[in-house]
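>>> Fold the following, please.
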Amino acid sequence: MSAVNRLRLMAVAFSDSKSSLSSSALRSKRPPPRQAKCQFSTAVAAADDYQDEVCDTGRNAKAYQTPNMPRLQALRERLRHEDFQTSVHRSSLSSLSNKTHFTPEIKMPKIDYSSSLHNILTDTHGRHHNYLRISLSERCNLRCQYCMPPEGVPLSPPSHLLTNEEIVRLVNLFVKYGVNKVRLTGGEPLLRPDLVSLVQSISESLQLFRPRDGVTDGDGSSGLVGITTNGISLSRHVKHLVDAGLTGVNISLDTLREDRFLEITRRKGLHKVTRSIQDSIDAFRDKYGDVLIGPSGGSRVKINCVVMKGFNDDELVDFVNMANDQFNGDVDMRFIEWMPFNDNGWNRSRFVSYKDMMTRISSHGDSHLRLERIGDGPNDTTKWWKVQSNEIGARRSARIGFITSMSEHFCASCNRLRITADGKIKVCLFGSNEKEVSLRDIMRQTKKRVINGVKEDDENELSRVIHAAVLKKSFALGGHGNPDDIAMAADNRPMTLIGG
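Below you'll find the model as predicted:
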């Protein structure tokens, strides 16, 4: 059975459960779940795995009653004992009358984001996901070694990729449930036709989000639309993208040497990438008056460098100096631990950890760079530092960041969801392909599902399938115990087919 069909089954509202499991035995292991007032009409149940409850938010909703649900209790018991789980799941779940069903008249209630336990983007570990990353293309004009094999990857037919209309439709739905930040990735997103108009549409959708009482995220990230690019063709497009509503750009650059650039990307173009960094700084300064954003002083332009032993780990200080000297502290410089994906040859012999990077910077030759720790933003994936002010003088100092996905993962505060170019929701970067489910197929289906004689609209089905996928999100590393397990499982996509 396909993933989408399994999750559609999960979305069917069950009444009184008649499981073959002994409910009395399960209840003896832990107290029954507490009842809670539900704010969203949803059902999540799997015929062969577990059952969940449905909440009726119709105008004439009856008082909620707790049905017998031993399979759901069994699932919760299993989640409590996952080896990597560091805290006990404390979220209360809601229940319903066994006469509850979906009807076309049900309207989406106003969500109180101060208490998002019942939001469809909140998982079983209490994490609310307000950051959506959308891959626009599987194609790329580089062949980076950590991203894809040298021969490239099989690409989906163009008809299998999401259209601009479908992307905006999904963005509108996610914004409705609290997403306030969207990042466009790839492949290379600049290869996407009509990218400027798409950015404008997404920017307009994000304006629907209004933080309560004017409160924004500590890093100023509310209502932002960003893009991650290799920078090869960015200079030609950046001004138009910024005018359309682009608020930030991440540029991948792994070496400052021409020969190494050719080796890692299997293409030429280093000068184009470095030029695009300055062009991006200029475009954002022209638009906003400064390239910095938010109270934390983060830059709208970030340089991402994947560090690998024996390749570019001797260039860390050069990157720090470039950020402060060549770009006058107007960029954020981020070093990323190399991560395992299908066919990228990951192994520990070339892995450089966060601590190793810090050691290399502080003990590099005659350089006397001393970094000082600064604050991180909410849900930040980056540990931020900067060069001590007594070494850099009165000049603006670039933030120096380390993304420690492997050595010190940040899964406990993850707020990210991904949509692949072919329209599948991916709840974890390291999750198995089997956990993906196609939102594209739901939007394109011609035969609607019938519940109690009523045809269900796409938005209700999309909402319930998204909820079901989010509830299956593992606590850490896609359910794998460590980086070696991720590499050995080989059940993921190549990075270029995920979207970073």
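>>> where exactly do the strands run in the stretch 201-350 of the chain?
Assigned by DSSP state E, counting those that start in this stretch, the strands in the stretch 201-350 of the chain fall at 224-229, 248-252, 292-293, 298-299, 301-307, 332-337.
>>> Adjacent strands (with direction) for the longest one?
It stands for strand 301-307. According to DSSP bridges, strand 301-307 forms sheet pairs with strand 248-252 (parallel), strand 332-337 (parallel).
>>> between the longest helix belonging to the chain and strand 224-229, how many degrees?
Taking DSSP state H as the criterion, the chain has its longest helix at helix 270-288. Angle between the axes of helix 270-288 and strand 224-229 is 170 degrees (criterion: axes from the mean of the first three to the mean of the last three Cα atoms, to 10 degrees).
>>> rewinding a little: now that we have the strands paired with strand 301-307, can you turn them into a markdown table and tack on distance to residue 136, mean neighbour count and mean pLDDT?
Glycine gets a C-beta too; all of them are placed from N, C-alpha and C. Shown next, in a markdown table, are the strands paired with strand 301-307 (distance: least, Cβ to Cβ, whole Å; neighbours: other Cβ atoms under 10 Å; pLDDT from 0 to 100):
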| stretch | distance to residue 136 | mean neighbour count | mean pLDDT |
| --- | --- | --- | --- |
| strand 248-252 | 14 | 23 | 97 |
| strand 332-337 | 21 | 24 | 96 |
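>>> now these in a markdown table, with distance to residue 305?
Compiled in a markdown table, the strands paired with strand 301-307 are given as follows (distance: least, Cβ to Cβ, whole Å):
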| stretch | distance to residue 305 |
| --- | --- |
| strand 248-252 | 8 |
| strand 332-337 | 5 |
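>>> Quick check: the gap between residue 202 and residue 248.
13 Å (Cβ to Cβ, to the nearest Å).
>>> Can you show me the helices along the stretch 51-200 of the chain?
Counting by DSSP state H, counting those that start in this stretch, the stretch 51-200 of the chain has helices at residues 70-80, 164-176, 195-206.
>>> Which of those has the lowest mean pLDDT?
Lowest mean pLDDT within the helices of the stretch 51-200 of the chain: helix 70-80, at a mean of 48.
>>> about what we covered before: list the buried residues in the longest helix of the chain.
Applying a neighbour-count criterion of 16 or more other Cβ atoms under 10 Å, one finds 270, 273-274, 276-285, 287 buried in helix 270-288.
>>> Between which two of these is the distance greatest?
Farthest pair in the buried residues of helix 270-288 (Cβ to Cβ) is 270 and 287. Separation: 26.6 Å.
>>> show me the contacts for the closest residue to residue 161 other than its chain neighbours.
Once flanking residues are discounted, residue 161 sits nearest to residue 421: 5.1 Å by Cβ to Cβ, 6 or more residues apart in numbering. Applying Cβ atoms under 8 Å, 6 or more residues apart in numbering to residue 421 gives the contacts 135, 136, 137, 138, 156, 161, 162, 186, 187, 497, 499.
>>> Mind checking the strands paired with strand 301-307 for the one nearest to residue 345?
strand 332-337 (15.2 Å).
>>> who touches that closest one?
298-299, 301-307, 316, 319-320, 322-323, 351-354, 357, 382, 398-407.
>>> Buried only: go through the residues you listed for me.
Buried, going by 16+ other Cβ under 10 Å: 298-299, 301-307, 316, 319-320, 322-323, 351-354, 357, 382, 398-406, out of these.
>>> Out of the strands paired with strand 301-307, the one nearest residue 490 is which?
strand 332-337 (19.3 Å).
>>> Would you mind stating the distance between residue 309 and residue 322?
21 Å.
>>> go on, residue 442?
Taking Cβ to Cβ, one finds residue 442 at 46 Å from residue 322.
>>> Next: residue 247.
Counting by Cβ to Cβ - residue 247 and residue 322 are separated by 24 Å.
>>> ok, now residue 316?
In terms of Cβ to Cβ, residue 316 sits 11 Å off from residue 322.
>>> And residue 415, by the same measure?
According to Cβ to Cβ, residue 415 and residue 322 sit 30 Å apart.
>>> Equivalent analysis for residue 315, please.
The gap separating residue 315 from residue 322 is 9 Å, by Cβ to Cβ.
>>> how long is stretch 469-481 end to end?
20 Å (Cα to Cα, to the nearest Å).
>>> Kindly report the same for stretch 121-130.
So stretch 121-130: terminal residues 8 Å apart, Cα to Cα.
>>> pLDDT weak spots in the stretch 201-350 of the chain?
Scanning the stretch 201-350 of the chain for pLDDT under 70 picks out 209-222, 294-296, 342-344.
>>> 80 instead, please
208-222, 294-297, 340-346 (pLDDT under 80).
>>> got a list of what residue 277 touches?
With Cβ under 8 Å, 6+ apart, residue 277 has these contacts: 231, 251, 253, 301, 303, 327, 331.
>>> Which member of the residues you listed is positioned nearest residue 225?
For these, the minimum distance to residue 225 (Cβ to Cβ) is 14.6 Å, reached by residue 301.
>>> Bridged to that closest one, which residues?
residue 249.
>>> Can you give me every residue that contacts it?
Counting by Cβ under 8 Å, 6+ apart, residue 301 makes contact with 248, 249, 251, 277, 280, 281, 284, 291, 330, 331, 332.
>>> for residue 473, same thing?
Going by Cβ under 8 Å, 6+ apart, residue 473 touches 123, 124, 125, 127, 427, 428, 431.
>>> what about the residue nearest to residue 203 when sequence neighbours are not counted, distance to residue 200?
Spatial nearest neighbour of residue 203, chain neighbours left out: residue 245 (2.7 Å); criterion: Cβ to Cβ, 6+ apart. Separation of residue 245 from residue 200 (Cβ to Cβ): 5 Å.
>>> Same check on residue 385?
Counting by Cβ to Cβ, the gap from residue 385 to residue 200 is 36 Å.
>>> before we move on, what about residue 321?
From residue 321 over to residue 200 (counting by Cβ to Cβ), the distance is 37 Å.
>>> quick one, which of these two is more surrounded?
More crowded of residue 321 and residue 200, by other Cβ atoms under 10 Å: residue 200, with 19 against 16.
>>> The closest residue to the more buried one other than its chain neighbours: what's it in contact with?
Leaving aside its sequence neighbours, residue 200 sits nearest to residue 244 (Cβ to Cβ, 6+ apart; 4.1 Å). Residues near residue 244 by Cβ under 8 Å, 6+ apart: 196, 197, 199, 200, 203.
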